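A.B. asks: Sequence plus predicted model, see below.
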Amino acid sequence: MKSKYSRRDFMKFMGLSSVAAMAVVPTIASGGVIPHIVIVGGGFSGATCAKYLKMWGGSSIEVTIVETNPTYVSPILSNLVLNGQKTTNNLSFTYSKLSSKYKINMIHSSVESIDKTGKTLTLSNSRVLKYDKLVLAAGIDFDKVSDYDVTKVPHAWQSRDGINELKSQIETIKDGDTFVMSIPASPFRCPPGPYERACVVADYLKNTKRYSNSKVVVLDANPKIIVEEQTFSTVFANYGVDYRPSSVVTAVDDTTKTVTFMENGETKSLTAKVLNVIPNQKAAPVVFKAGVTSGNWAPINPLSYESVVASDIYIIGDSQATGQPKAGHIGNSEAKICADAILRKINSKALYTQPKTNSACYSPTSATQASWLTAVYKYDPTTQSMVVASKDAGAPSTKNYKKMFLWSGNLFADTFA
């Protein structure tokens, strides 16, 4: 059957209109030394940036991705691993197409140090890379409240092992047991994600397992649900989720699966069969190594994503400090603006002054329904920041659940194929 997912839908949810609206993308004149762009991180931001740099710059530039893992496991749709509708293998992507089709160099290693003056990276395999432009797209890091074992209390917010471990633990839950999860203080990766997770787990326990006495407790460090408030509050009420705003985790005991937290100035604790603590977040370690942070995040120029602290270093995706959401879809959008800006700077062309980015997400709320939201951000020259130009949302439905896989499939292809 032919899909009814229109080109307009694709443009809206992929943010491609922002690229189409740009001036003609420059190419680099042949001859001379070929500029080398090194990208640290091969997720939605890093892989997209590398792909579009080569699509637009061709053989006139050299692009290298430094990524620890040979396979990328998508956080998008990963909550569906918890209810058995997806596996991490379903959400795994290699870099073979980027390497072969676009002639992108792949190095599977990590960064030990960065020399901004000499413009070099020293890798954990002792290799030294020289760069002309450096793009940091390495995601997030965590601020844990104590030194607990994340294999026993997984956050499942970043890795293949984490989400599989959490799934295994959820499968041990019996009727009458409690699942307790925490939501970090904003900003954090994928704003709808924790609320979505609570819905998926509650639906799995009550409607798939038929556990009428099982309980889901959500400790939210924020004073209220920060995104799709009406949608998630309604679904929480339907599932009987015990949602507790302004509940800040202060300690975790991985042996007893006990979490201590402050709720409205009072110290409390809960013990769970399964404890899922998602810690507060900050920029990736390599961003701190580069010395381009202010507080927990990296301030950048939204016209290019170049650091305001160090020239020729760009930060895209979760580590940037623009106020835009931290998520895969908008990271893909930011990457295209960054790629365009790098090519312009190499070719001594003016930056495009009216960039737009798009943040879109579908959130499963059960095994059959999903909600969605989208927001377009535009550059405001007065404040020199990205501001919301428009936004929209849709309530949970089976139709949206089907569109979720079309949206994610388009994003996966635009990034890794």
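C.D. replies: Nice, thanks for sending it over. From a predicted model like this one, the values you see are computed outputs, not experimental measurements.
A.B. asks: Every contact and neighbour count from this point should use C-alpha atoms.
C.D. replies: OK.
A.B. asks: which residues touch the residue most central in space within the chain?
C.D. replies: Most central in the chain under CA atoms, centre = their mean is A327, positioned 3.3 Å from the mean C-alpha point. Contacts for A327 were tallied using CA atoms under 8 Å, 6 or more residues apart in numbering; they are R189, C190, P191, G317, D318, S359.
A.B. asks: now those in TSV, with distance to A413, neighbour count and pLDDT?
C.D. replies: Shown next, in TSV, are these (distance: CA to CA, whole Å; neighbours: other CA atoms under 10 Å; pLDDT from 0 to 100):
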residue	distance to A413	neighbour count	pLDDT
R189	21	24	97
C190	20	19	96
P191	23	20	97
G317	18	31	97
D318	20	31	97
S359	17	25	96
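A.B. asks: could I get those residues as CSV with distance to D414?
C.D. replies: As requested, the contacts of A327 are exported to CSV (distance: CA to CA, whole Å):
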residue, distance to D414
R189, 20
C190, 19
P191, 22
G317, 16
D318, 18
S359, 15
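A.B. asks: Quick check: the gap between the residue nearest to the centre of the chain and I313.
C.D. replies: 21 Å (CA to CA, to the nearest Å).
A.B. asks: R197 against S78, yeah?
C.D. replies: No: counting by CA atoms under 8 Å, R197 does not reach S78; the two are 9.2 Å apart.
A.B. asks: Compare neighbour counts for those two and give me the winner.
C.D. replies: S78 (25 against 21; other CA atoms under 10 Å).
A.B. asks: Who are the contact partners of the more buried one?
C.D. replies: Counting by CA under 8 Å, 6+ apart, S78 touches K86, T87, T88, L91, I163.
A.B. asks: doesn't T71 make contact with the fourth one?
C.D. replies: No: contact criterion CA under 8 Å: L91 and T71 do not qualify, at 9.9 Å.
A.B. asks: now what about the strand or helix carrying V200, what contacts it?
C.D. replies: Under the criterion of DSSP states H and E, V200 resides in helix 193-203. When contacts are defined by CA under 8 Å, 6+ apart, helix 193-203 is touched by residues 79-80, 82-83, 181, 183, 215-216, 218, 225, 232, 235-236, 239, 241, 363-367.
A.B. asks: and if we set it to 6 Å?
C.D. replies: For helix 193-203, contacts defined as CA atoms under 6 Å, 6 or more residues apart in numbering pick out N79, S363, T365, S366.
A.B. asks: Do me a favour and average the pLDDT over it.
C.D. replies: Taken as a whole, helix 193-203 carries a mean pLDDT of 98.
A.B. asks: Which elements pack onto the host helix or strand of Y314?
C.D. replies: Secondary structure from DSSP H and E places Y314 in strand 313-315. Packing partners of strand 313-315 (3 or more CA pairs under 6 Å, 6 or more residues apart in numbering; DSSP states H and E): strand 133-136, strand 306-307.
A.B. asks: how far does the shortest one sit from the chain's center?
C.D. replies: Spelled out, that is strand 306-307. Distance of strand 306-307 from the chain centroid (CA atoms, centre = their mean, to the nearest Å) equals 19 Å.
A.B. asks: thinking V73 is in contact with S92, fair?
C.D. replies: Yes: under the contact definition of CA atoms under 6 Å, V73 touches S92, with a separation of 4.4 Å.
A.B. asks: Which one of these two is surrounded by more residues?
C.D. replies: Between V73 and S92, counting by other CA under 10 Å, V73 is the more crowded of the two (20 against 14).
A.B. asks: Would you mind giving me the confidence score for that one?
C.D. replies: Taking V73 on its own, its pLDDT is 97.
A.B. asks: mind listing the helices for the protein?
C.D. replies: Remark: helices assigned in the chain by DSSP state H are 7-14, 16-20, 44-57, 79-82, 96-102, 160-170, 193-203, 229-239, 285-289, 328-346, 398-416.
A.B. asks: Reformat these as JSON lines; add distance to T151.
C.D. replies: Formatted as JSON lines, those follow (distance: least, CA to CA, whole Å):
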{"stretch": "helix 7-14", "distance to T151": "35"}
{"stretch": "helix 16-20", "distance to T151": "39"}
{"stretch": "helix 44-57", "distance to T151": "25"}
{"stretch": "helix 79-82", "distance to T151": "16"}
{"stretch": "helix 96-102", "distance to T151": "30"}
{"stretch": "helix 160-170", "distance to T151": "7"}
{"stretch": "helix 193-203", "distance to T151": "18"}
{"stretch": "helix 229-239", "distance to T151": "27"}
{"stretch": "helix 285-289", "distance to T151": "21"}
{"stretch": "helix 328-346", "distance to T151": "25"}
{"stretch": "helix 398-416", "distance to T151": "28"}
